[in-house]
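Participant: Below are the sequence and a predicted model for it; my questions follow.
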Amino acid sequence: MKRTVGVGAMTILLCTGCSSMGVEPWERDVLAKQEMQLTTDEIEAATDDHIYFSKEASSGGRGFGGGGCGCN
Amino acid sequence: MPSSYSLVIASSQGQKRREIRLELAEDAWHGRFQAMGSPCELVCEAKKRHEALELTELVAGEAWRIEDKFSRYRAGNVVHRINTAGGRAVEVDDETADLLDFAVTLYNLSERRFDITSGVLRRAWHFDGGDRVPSENIVSDVLRLVGWHRADWRRPFLQMPSGMEIDLGGIGKEYAVDRCAGLLREQGSSACLVNFGGDLAVSRAPEGRRSWKVAVEGDAEGEPAHLIDLKQGALATSGDARRYLLKDGIRYSHILDPMTGWPVPDAPRSITIAADTCVEAGMMSTLAMLKGAQAEPFLRAQDVVFWCRR
Amino acid sequence: MSQKETHSISVALAAATCTLLGSGISATVDAQEEPAWDFNTSLLYYGEDGDRVKDFSVSAIARRMFIDDRYLTLGLTIDGLTGATPSGAIRQDVAQTFTRPSGNAAYSVAAGVLPLDDTFKDTRLALTAGWQQPVGDTSQVSVGASASKEYDYLHLGVNAKFARDFNQRNTTVSAGIALSMDSLDPVGGAPAPFSPMLDVGDTSNRLGDQDKDVLDIVLGVSQVISRDLVVQANYSYSKSDGYLTDPYKVLSLVDGTSGDTLLRSIAPGVDGPSHQFLFESRPGERTKHSIFGQAKYYMNGKVLDASYRYMSDDWEIDSHTVDLRYRIPFGANRYLEPHLRFYTQTDAEFYRLSIPDSLPLPGHASADYRLGNFDAITAGLKYGWRTHNDNEMSVRIEGYRQTGSVPADQLIGNQVSRDNFPDLNAIIVQFGYRF
């Protein structure tokens, strides 16, 4: 558990240190495409979250834990 | 974080300070300056700041050139010479002649309601949101100096009775927008949107997003009535947002009928038109405003894309 | 003025403009008003094999954009569930009879068949609402609420999230919190933990309504690496308190040597369980930690979406999830997207196949296969296309398969030779329409 928290915190710190990485505002054409969004299809993501929450012991990760139903 | 950049350019007559401000916002450069009484803007997707600056200087230069040449307020330019000719003929250059020819076409298409000699009516009407509506006598006095039929236009000579004036304000801004869009297209490079106080044109469709996004003002402050995706073409808006009189519950729009000297009754509050060029969009919206209550049927018959607000 | 006369005005105007401006005229105008509302809708079918769970669901999300990047989002989902799910009891070489969770009737399961409880006919309605807006130049805040209702379960929740951009929007750091207050009113009443399954009509072991509260915290960072690559990493913390037990699941009470379920004597003229079963018992608390990483990589029109999640909790469950999607466009308007997902989890500390009567009762126990030791794989294909009026449609078909096993040290006597872990095979079909 503690190791998980440690790795998580380190990943976040590592990334905020990456201040030299990235693109100029006019180079964001590809990133603006719908298929390059971190969540491309909200309903599909919510559907999968709900199915796997009901059939497995893990949930969430990408966003909130899902749930809110009597399935698990 | 937007980065501002100020450049001071002296006008051709070395008197006025004219500034260009360059700002980087979201995914595009915004070059801003003041011209023809409006806040003007060039939005472009240039890769480098110096390219954005060059294009803005190009556009501002052309806008100021047109303003200096056709402004009523500038002593010594062609319009001033025409307006102070005292009945004598004035010879004009090709660009001015082209604009006068265009004004004649509009005069005919609008059944004489679009009239560049109607500017003098401003001596009677002050559209400041107040309630000082002029008397009939004052209006009919000024009306004697209105009417293109009184002018003698034989290219390249224009002769008008003494006291009459021409005012190219109704065409000038849209003409400047289209001239600038044309210059930008000749340059070839980045996709740009030229916006002179709400009259705008696209030089090329943007790469990053699929279209330029334009918000046309709505009724309430800050609430847009319409969000428009513009890929190609131009938008122009005729409206009385700040220029009207309100007396005894009647709203007098600033669109004056040159035949009567009085505002066109039942004119819409604003009309926005999308067309291939800004000049077409602007003229179509003016023609529609002059139709007063018949504005919407007129526009529907033209099969043109429009948004009308009453 | 006739139609022909008035239309000629725009033609004459166009000609006059052409003369005025000369050559270099732009292309034909293309202006479209953006609709205020955006809709994302779907129809879903989820079906497990045999008599097991089938779900049919309709979803819609509506989003309205206001000036200055402010959004209102409303969501609605309606689910219809039927079919049976493993009750937690093990198969036997003889027929078994069980009392339904309602306590009003009994049902039988043939010899050698995995006992399934089919009290699953239910309809669920879920609603969500959210508001999102920028804060200053670089930040964004969103708040939301959710509610859902099914026959035996009520959920109410609120959530909030704050995100801040750095480095010209190349880095975004976010923090979110969600609170759920749920209450259960199981059919027949929640049974006391480890109480025996009683005869039909006997509800002496039932408790009243139960509550469950969940707190979720998510911390995340996303980073643009290059023009074609964006990555994100999240850490999640989840704490659940209250009634976490499944009120419908049981464990078989078995003989410590043979591993067979102990028989039960029933009074004449009475319906009831043929064997001895105990209702399961889970801890009243659960703390989960997860870390999640995702990358989206653009390769000349194709997009690879790869993510990994590691979860660990104080029930001693550890899981790994790897999810891969690869979108392949065809022309400007169509795409194909294969999908692969790998999942593995270890069993909960209190997961038991059955309860042997030769040992003292453990602190907690559950035979729910979802807390067991299993691997799962999903393989699917999605096809999407842009319609003639610029809307998007898609259809996807996926197969989901779970295969698990019971730890060898839990198997007693005759259980060793049986097939104990209920494998799962399901098909997922979903139609989507965005407009």
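Facilitator: Sure, I can see it. Numbers count the residues shown, from 1 in each chain, chains lettered A, B, ... in the order given.
Participant: Which strand or helix spans B:D141?
Facilitator: Here B:D141 sits within helix B:136-143, counting by DSSP states H and E.
Participant: List the contacts of that helix.
Facilitator: Helix B:136-143 has contacts (Cβ atoms under 8 Å, 6 or more residues apart in numbering or on different chains) with B:V120, B:L121, B:R123, B:A124, B:T260, B:G261, B:W262. For every residue, glycine as well, the C-beta is placed using N, CA and C.
Participant: CA atoms only for stretch C:168-180, dumped as PDB, please.
Facilitator: Provided in PDB are the C-alpha atoms of stretch C:168-180 (Å, rounded to 0.1, in the frame of the first residue of the first chain):
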ATOM      1  CA  GLN C 168       1.400  26.600 -22.100                       C
ATOM      2  CA  ARG C 169      -1.200  23.900 -21.300                       C
ATOM      3  CA  ASN C 170       1.300  21.100 -21.900                       C
ATOM      4  CA  THR C 171       0.900  19.900 -18.300                       C
ATOM      5  CA  THR C 172      -2.300  19.600 -16.400                       C
ATOM      6  CA  VAL C 173      -2.600  18.700 -12.700                       C
ATOM      7  CA  SER C 174      -5.900  17.700 -11.300                       C
ATOM      8  CA  ALA C 175      -7.500  16.700  -8.000                       C
ATOM      9  CA  GLY C 176     -11.000  15.300  -7.600                       C
ATOM     10  CA  ILE C 177     -13.200  14.100  -4.800                       C
ATOM     11  CA  ALA C 178     -16.400  12.100  -4.800                       C
ATOM     12  CA  LEU C 179     -18.700  11.200  -2.000                       C
ATOM     13  CA  SER C 180     -21.400   8.500  -2.200                       C
END
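Participant: wait, does that stretch contact chain A?
Facilitator: Yes. For stretch C:168-180 and chain A, the contact criterion (Cβ under 8 Å from any Cβ of the partner chain) is met by C:Q168, C:R169, C:N170, C:T171, C:V173, C:G176, C:A178, C:S180.
Participant: Check the residues you listed for burial and list the buried ones.
Facilitator: The neighbour-count test (16 or more other Cβ atoms under 10 Å in any protein chain shown) applied to these identifies C:R169, C:N170, C:T171, C:V173, C:G176, C:A178, C:S180 as buried.
Participant: thinking again about what came up before, avg pLDDT for the helix holding B:D141?
Facilitator: In this model, helix B:136-143 has a mean pLDDT of 87.
Participant: Contacts only, for the one residue in chain B that gets nearest to chain C.
Facilitator: Of all residues in chain B, B:G233 sits closest to chain C, at 2.7 Å by Cβ to the nearest Cβ. Listed by Cβ under 8 Å, 6+ apart, the contact set of B:G233 reads B:201-202, B:274-277, B:281, C:26-31.
Participant: Strands of the stretch 1-150 of chain C, residue ranges please.
Facilitator: C:30-33, C:37-48, C:54-66, C:70-82, C:85-86, C:96-99, C:106-109, C:116-117, C:122-135, C:139-150 (DSSP state E, counting those that start in this stretch).
Participant: What is the least confident helix or strand in chain B?
Facilitator: strand B:5-10 (a mean of 40; mean pLDDT, DSSP states H and E).
Participant: ok so, going back, compare the contacts of B:G233 and tell me which is most surrounded.
Facilitator: When neighbours are counted by other Cβ atoms under 10 Å in any protein chain shown, B:A281 leads the contacts of B:G233 with 34 neighbours.
Participant: ok, and does the helix or strand encompassing it reach over to chain C?
Facilitator: Per DSSP H and E, B:A281 falls inside helix B:278-290. Yes. Residues of helix B:278-290 are located near chain C by Cβ under 8 Å from any Cβ, namely B:V279, B:E280, B:M283, B:M284, B:L287.
Participant: one step back: tell me which residues in the helix holding B:D141 are buried?
Facilitator: Residues of helix B:136-143 classed as buried: B:V139, B:V142, B:L143 (neighbour count, 16+ other Cβ under 10 Å).
Participant: that older thread, out of the residues of stretch C:168-180 next to chain A, which is nearest to chain A?
Facilitator: C:N170 (2.8 Å).
Participant: Next, the contact list for the closest one, please.
Facilitator: With contact set as Cβ under 8 Å, 6+ apart, C:N170 has these partners: A:M21, A:G22, A:V23, C:Q223, C:V224.
Participant: how about a cut-off of 6 Å?
Facilitator: A:G22, C:V224 (Cβ atoms under 6 Å, 6 or more residues apart in numbering or on different chains).
Participant: again, but for the one 3 residues further on
Facilitator: Neighbouring residues of C:V173 by Cβ under 6 Å, 6+ apart: C:R164, C:V221.
Participant: Quick check: phi and psi on the residue nearest to C:A105 when sequence neighbours are not counted?
Facilitator: Spatial nearest neighbour of C:A105, excluding adjacent residues (Cβ to Cβ, 6 or more residues apart in numbering or on different chains): C:V200 at 6.2 Å. The phi/psi pair for C:V200 (degrees, to the nearest 10) reads phi -60, psi 130.
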